[in-house]
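**Student:** Got a predicted model here, sequence first, then my questions.
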Amino acid sequence: GENVEQHPSTLSVQEGDSAVIKCTYSDSASNYFPWYKQELGKRPQLIIDIRSNVGEKKDQRIAVTLNKTAKHFSLHITETQPEDSAVYFCAASKAGGSYIPTFGRGTSLIVHP
Amino acid sequence: ETGVTQSPTHLIKTRGQQVTLRCSSQSGHNTVSWYQQALGQGPQFIFQYYREEENGRGNFPPRFSGLQFPNYSSELNVNALELDDSALYLCASSSPGAGDIQYFGAGTRLSVL
């Protein structure tokens, strides 16, 4: 089955800095890669996703890059703000049919004011 | 709000008991997936229901079972509770026609004493 590794487990940055979270996956057939943000005590919320037919996707301060050859994808947050503090999860799956994502273990991002 | 609701929000049970958790999917979604999230971990896939049929199962024992109803709401049942079953149980609804993007409920926090 799919295996997703996520690093780092904890990331501490100063407000305004950039943050990068990296994930690797094992199943070359995976073609859909969502990122979720989970604030303390709240539900995971989709913040951005990428499909395997593109290499990069941006949404304001958030971007995701995908390298299919190396089987890794990354989340980039620029100009971090204290409200970006949360746990971020990456996931990998084969979209269509029985879409069943495999999640990474999460990265706790702390943005210091 | 995503429209995915779960009940109850918190539950305390003792070892050996049985529990039923409920999930109402977002309007228009016909697929419900259940996850177990232990403290400090990413969500682990339990099983998925699509149009009232089980559509995939993770590495969980048979004492974890489920149902999906004609209105696409779903139940997760866990028999013979063990201490290690203490976790946040999340459901997510999706639809193949909506890109398989999963929207999570707020979860049920289960404590087994």
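**Tutor:** That came through fine.
**Student:** ok, the nearest residue to B:Ser93 once chain neighbours are set aside to B:Gly105 distance?
**Tutor:** In space, not counting the residues next to it along the chain, B:Ser93 is nearest to B:Ser25; the distance is 3.5 Å by Cβ to Cβ, 6 or more residues apart in numbering or on different chains. C-beta coordinates here come from the backbone N, C-alpha and C atoms, glycine included. B:Ser25 is 9 Å from B:Gly105, where distance means Cβ to Cβ, to the nearest Å.
**Student:** Between those two, which contacts overlap?
**Tutor:** Taking Cβ atoms under 8 Å, 6 or more residues apart in numbering or on different chains as the contact rule, the neighbours common to B:Ser25 and B:Gly105 are B:4, B:91, B:93.
**Student:** For my notes, confirm the second one occurs in a helix.
**Tutor:** No: under DSSP: H, G, I helix; E, B strand; the rest coil, B:Cys91 falls outside any helix and is assigned strand.
**Student:** okay but it is in contact with B:Ser7, surely?
**Tutor:** No: counting by Cβ atoms under 8 Å, B:Cys91 stays clear of B:Ser7, with 10.5 Å between them.
**Student:** out of those two, which sits in the more crowded spot?
**Tutor:** The residue with more neighbours, out of B:Cys91 and B:Ser7 and counting by other Cβ atoms under 10 Å in any protein chain shown, is B:Cys91; that gives 31 against 13.
**Student:** helix/strand/coil for the closest residue to the more buried one other than its chain neighbours?
**Tutor:** What sits nearest to B:Cys91 in space, not counting adjacent residues and going by Cβ to Cβ, 6+ apart, is B:Cys23, at 3.5 Å. At B:Cys23, secondary structure determined by three-state DSSP is strand.
**Student:** separation between B:Cys23 and chain A?
**Tutor:** Counting by Cβ to the nearest Cβ, to the nearest Å, the gap from B:Cys23 to chain A is 12 Å.
**Student:** show me where pLDDT drops low in chain B?
**Tutor:** Low-confidence segments of chain B, defined by pLDDT under 70, span residues B:1-2, B:98-99.
**Student:** Can you pull the residues of it lying near chain A?
**Tutor:** Counting by Cβ under 8 Å from any Cβ of the partner chain, the residues of chain B lying close to chain A are B:2, B:4, B:31, B:33, B:40-45, B:48, B:50, B:55-56, B:58, B:90, B:94, B:96, B:99-107.
**Student:** so of those residues, which ones are in strands?
**Tutor:** Per DSSP state E, strands hold the following members of those: B:31, B:33, B:44-45, B:48, B:50, B:55-56, B:90, B:94, B:103-104.
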